[in-house]
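Novice: Quick one, what's the 3D model for this:
(chains A, B and C)
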Amino acid sequence: MKSLSGLYTLRVFEDRDPYRVLIRTILSQRTRDENTDQASANLFAKYKNIEEVANAPIEDLEVLVRVAGFYRVKARRIKEVSNLILDQYGGVVPDNMKELLELPGVGRKTANCVLVYAFQEPAIPVDTHVHRISNLWGIVNTKTPEETEEELVKIVPKDFWIDLNDLMVQFGQTVCKPTYPQCEQCPIVELCDYDSS
DNA sequence: AAAACGGGGGC
DNA sequence: GCCCCAGTTTT
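Specialist: Now for the predicted structure:
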């Protein structure tokens, strides 16, 4: 763990095993940290590796990841993605965008998270927080997360890519929230036109 | 472009 | 009790 500007502590994954990072990231889709952590802990307490998950009954997976929400979809995709990685890649998670995007349940955001957290490769995972705040601050003027990623990659120095998502998401969850924003806690409230928008 | 998936927490 | 939320896939 390291801190930036003393404002937020980077939530660097302790477990950078690519398979676990991938599964954890799928579980985190549209889901808060606490529930993601719980579901991930449940899953890997019972199943130790990709082979065990691939062979697990879907009903058992559903129970274990239920707390993460969207649990039927996630359980099915976790089983599918595990089988596919075993069949096509010998159980090794791909380390490139093209092959990651071909995996079930993996879109641009999840693929970028795997590149950043499992392979320490510079990338910018753009979720709703990054998209919203980047536009709110006028860093970009975009309609879709994909456009936001394209623009941020052009504008933001590469040294910041890996940490950008983590810091913006924490800021977005605690201060610059999509509803009930805590503007009195915001360090740049005077530079922001949130109230007038 | 819009719908569907979902439990947990804030209000 | 109602409403919102660290996306991706399908229609």
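Novice: pLDDT on stretch A:81-97, on average?
Specialist: What stretch A:81-97 shows for mean pLDDT is 97.
Novice: anything in stretch A:31-47 near DNA strand B?
Specialist: Yes. Using C-beta under 7 Å from any atom of the strand, stretch A:31-47 comes into contact with DNA strand B via A:31-32, A:34-35. For every residue, glycine as well, the C-beta is placed using N, CA and C.
Novice: Spell out the residue ranges of the helices in chain A.
Specialist: Counting by DSSP state H, chain A has helices at residues A:18-27, A:33-46, A:50-55, A:58-65, A:71-89, A:97-101, A:108-117, A:128-136, A:145-155, A:161-174.
Novice: Let's have those in TSV, adding mean neighbour count.
Specialist: Putting those into TSV (neighbours: other C-beta atoms under 10 Å) gives the following:
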stretch	mean neighbour count
helix A:18-27	23
helix A:33-46	17
helix A:50-55	17
helix A:58-65	17
helix A:71-89	18
helix A:97-101	15
helix A:108-117	23
helix A:128-136	19
helix A:145-155	16
helix A:161-174	19
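Novice: So for A:Cys186, which of those sits nearest?
Specialist: Closest approach to A:Cys186 among those (C-beta to C-beta): helix A:161-174, 8.6 Å.
Novice: ok, A:Asn141 - contacts?
Specialist: When contacts are counted by C-beta atoms under 8 Å, 6 or more residues apart in numbering, A:Asn141 touches A:Asn135.
Novice: For DNA strand B, what's its nearest residue on chain A.
Specialist: Proximity to DNA strand B, evaluated over chain A using C-beta to the nearest atom of the strand, is greatest for A:Gly69 at 2.3 Å.
Novice: Does stretch A:93-106 reach DNA strand B?
Specialist: No. Between stretch A:93-106 and DNA strand B, judged by C-beta under 7 Å from any atom of the strand, nothing touches; the nearest distance is 10.6 Å.
Novice: Could you measure from A:Lys79 over to A:Val65?
Specialist: Counting by C-beta to C-beta, to the nearest Å, the separation of A:Lys79 from A:Val65 is 11 Å.
Novice: do the same with A:Ile162
Specialist: In terms of C-beta to C-beta, A:Ile162 sits 27 Å off from A:Val65.
Novice: do A:Val116 as well
Specialist: For A:Val116, the distance to A:Val65 (C-beta to C-beta) stands at 23 Å.
Novice: same deal with A:Cys186?
Specialist: On the measure of C-beta to C-beta, A:Cys186 and A:Val65 end up 35 Å apart.
Novice: Show me which residues of chain A sit near DNA strand B.
Specialist: Counting by C-beta under 7 Å from any atom of the strand, chain A sits next to DNA strand B at A:30-32, A:34-35, A:66-74, A:180.
Novice: out of those, who's nearest DNA strand C?
Specialist: Closest to DNA strand C, out of all of these and judged by C-beta to the nearest atom of the strand, is A:Arg30, at 3.6 Å.
Novice: wait, the closest one sits on A:Gly69?
Specialist: Yes. With contact defined as C-beta atoms under 8 Å, A:Arg30 and A:Gly69 form a contacting pair (6.9 Å).
Novice: Which one's more surrounded, these two?
Specialist: A:Gly69 (16 against 10; other C-beta atoms under 10 Å).
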